[in-house]
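K.L.:
Sharing a model prediction with you, sequence too.
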Amino acid sequence: MAHSIPRGRLALSAFAAVAVLTAGSGASAAPGGCPQRAAVAPGLVRLRAALAHGRIVAYEPTALRVVNGQVTSADTASIRADLAALRPRFDALITYDAMHGAEQIPALAAALHYRALIIGIWDPFDEAQLAAAVRAAREFPQLVVGISLGNEVLFSHRAEPAALAAQLARVRARAPQVPLSTTEPFHIFLQPAVAPLLRELDFVLANVHPVFQPWFKDAPDQAAAQFVVNVLAQLAPQACGPVLVKETGEPSAPATAGFTPARQAAFYRELRQLLPPGAERAFAYFSAFDAPWRAYDATGVPGAAPGVHEEEAHWGLYDEARHPKAAARELPPLPGG
């Protein structure tokens, strides 16, 4: 089982990049044919409240390791320390796995008074992972505001849209009250073949990474943040529910590649100005902690070059020892955090 998180290394064509960078912010009406599901309506109310009023971070435990496909699960004490370190500045979480220690997250998050949790399922076709996520949603109905069936499953060719849609329907039959989604790089959701799946999602989790665009290195911070906003302007009208940018941001190293803590902080500073949280559109901070082992992890990204990818170790707003970087220190503490 590989826990690599593909970053969506999509380099848009010159025409497409210009189109996204210059897109207007207006949105047309949602497409016709969006299902109306009464059972999930209260859950969507809680989800929208979390998007509008919460501060969300994508979280994987610092104790989790994946080396040559072998998973070292995170222990409860380490997860508790992680969540305690994050809580002063964040009150909502998105995870990537429902097992390997992550089954402890809902209870620990509830004890620390987190506002919301979106549970990620790494393999949406694995019954044990599905069962763990559904069980957590039933045990903590006020905390769990959504479940994501996979992270970049289509992009990494681990499933086809029809198969994922069918699995989505099966999970909905088991947990009709829980908003369901899946996570993909934004361009996957814009493909015509994915449109039927997109209409079945109660909300959309999109990964939008300006750092993988060919113009990024020499672009100002405002341009990278505007790219995220413009992507949302294109994607939101196609969705049948709220859209949350689950992954965006900049690594804080290596400096030789132009990545620094100061530039990471500047990106989020600009994005907060251009994309204030709302019930229909919001972004999560990506990610909570650095993960040094990721520099050597074989990613699931099609066409990714082999070898060490040092930047993959440094996406955190906190380092591996849970010390906040500039991007985190700039966030004012939350009431009750």
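P.N.:
The structure has been received and is ready for your questions. Residues are numbered from 1 along each chain as shown.

K.L.:
and the nearest residue to residue 161 once chain neighbours are set aside, how many residues sit next to it?
P.N.:
In space, residue 161 comes closest to residue 197 once its chain neighbours are excluded; the distance is 4.5 Å by CB to CB, 6 or more residues apart in numbering. Placement of C-beta: from N, CA and C, glycine included. Counted by other CB atoms under 10 Å, the residues lying close to residue 197 total 22.

K.L.:
doesn't residue 122 make contact with residue 97?
P.N.:
Yes: with contact defined as CB atoms under 8 Å, residue 97 counts as touching residue 122 (4.6 Å).

K.L.:
Off-centre distance for stretch 123-133?
P.N.:
On the basis of CA atoms, centre = their mean, to the nearest Å, stretch 123-133 sits 18 Å off its chain's mean C-alpha point.

K.L.:
Name the residues that touch stretch 258-275?
P.N.:
Stretch 258-275 is contacted by residues 210-211, 217, 221-222, 224-226, 228-229, 232, 245, 248-253, 281-283, 285, 311, 314, 317, 325-327, 330 when judged by CB atoms under 8 Å, 6 or more residues apart in numbering.

K.L.:
What residues sit buried inside stretch 55-74?
P.N.:
Neighbour counts over stretch 55-74 (16 or more other CB atoms under 10 Å) mark 55-66, 71, 74 as buried.

K.L.:
ends of it, how far apart?
P.N.:
Terminal residues of stretch 55-74 lie 24 Å apart, using CA to CA, to the nearest Å.

K.L.:
chain center to it: distance?
P.N.:
Worked out by CA atoms, centre = their mean, stretch 55-74 lies 14 Å from the chain centre.

K.L.:
repeat for stretch 126-141
P.N.:
19 Å.

K.L.:
Over to the nearest residue to residue 257 once chain neighbours are set aside. Which of the three states is it?
P.N.:
The shortest distance from residue 257 to any non-neighbouring residue, by CB to CB, 6+ apart, is to residue 311 (6.2 Å). Under DSSP: H, G, I helix; E, B strand; the rest coil, the three-state class of residue 311 is helix.

K.L.:
residues touching residue 311, list them.
P.N.:
For residue 311, the contact set (CB under 8 Å, 6+ apart) comprises 211, 251, 253-254, 257, 259, 295.

K.L.:
Most neighbours among those, which one?
P.N.:
Among those, the one with the most neighbours (other CB under 10 Å) is residue 251, at 23 neighbours.

K.L.:
Mind telling me what element it is part of?
P.N.:
Using DSSP states H and E, residue 251 sits in no helix or strand.

K.L.:
just to revisit the earlier point, kindly indicate which of the contacts of residue 311 lies nearest residue 40.
P.N.:
Nearest to residue 40 among those: residue 211, at 34.3 Å, using CB to CB.

K.L.:
how close does that closest one sit to residue 267?
P.N.:
Per CB to CB, to the nearest Å, residue 211 is found 9 Å from residue 267.

K.L.:
Need the overlap of contacts for those two.
P.N.:
224, 250.

K.L.:
pLDDT on stretch 44-64, on average?
P.N.:
The average pLDDT within stretch 44-64 is 98.

K.L.:
check contacts around the closest residue to residue 284 other than its chain neighbours.
P.N.:
Of all residues not flanking residue 284 in the chain, residue 56 sits nearest, at 4.0 Å (CB to CB, 6+ apart). Residues in contact with residue 56 (CB under 8 Å, 6+ apart) are 50, 90, 92-94, 116, 244, 282-285.

K.L.:
so where's the stretch 51-200 of the chain uncertain?
P.N.:
Within the stretch 51-200 of the chain, no stretch has pLDDT under 70.

K.L.:
hmm, 90 instead?
P.N.:
For the stretch 51-200 of the chain, the stretches with pLDDT under 90 are 65-71.

K.L.:
all strands of it, in order?
P.N.:
Shown for the stretch 51-200 of the chain, the strands assigned by DSSP state E, counting those that start in this stretch span residues 56-58, 65-67, 70-72, 92-94, 116-121, 144-151, 180-185.

K.L.:
What segments of the stretch 101-250 of the chain are helices?
P.N.:
Secondary structure of the stretch 101-250 of the chain (DSSP state H, counting those that start in this stretch): helices located at 105-111, 127-139, 161-174, 186-189, 195-200, 221-235.

K.L.:
Of these, give the one that comes closest to residue 154.
P.N.:
Nearest to residue 154, of all the helices of the stretch 101-250 of the chain, is helix 186-189, at 5.2 Å by CB to CB.

K.L.:
Contacts for the closest one, please.
P.N.:
8, 10, 12, 152, 154-155, 194, 198, 204, 206-208, 231, 234-235, 238-239.

K.L.:
List the buried residues of that helix.
P.N.:
Neighbour-count burial for helix 186-189, with 16+ other CB under 10 Å as criterion, is recorded at 186-189.

K.L.:
Could you give the average pLDDT over stretch 219-229?
P.N.:
Mean per-residue pLDDT for stretch 219-229: 95.
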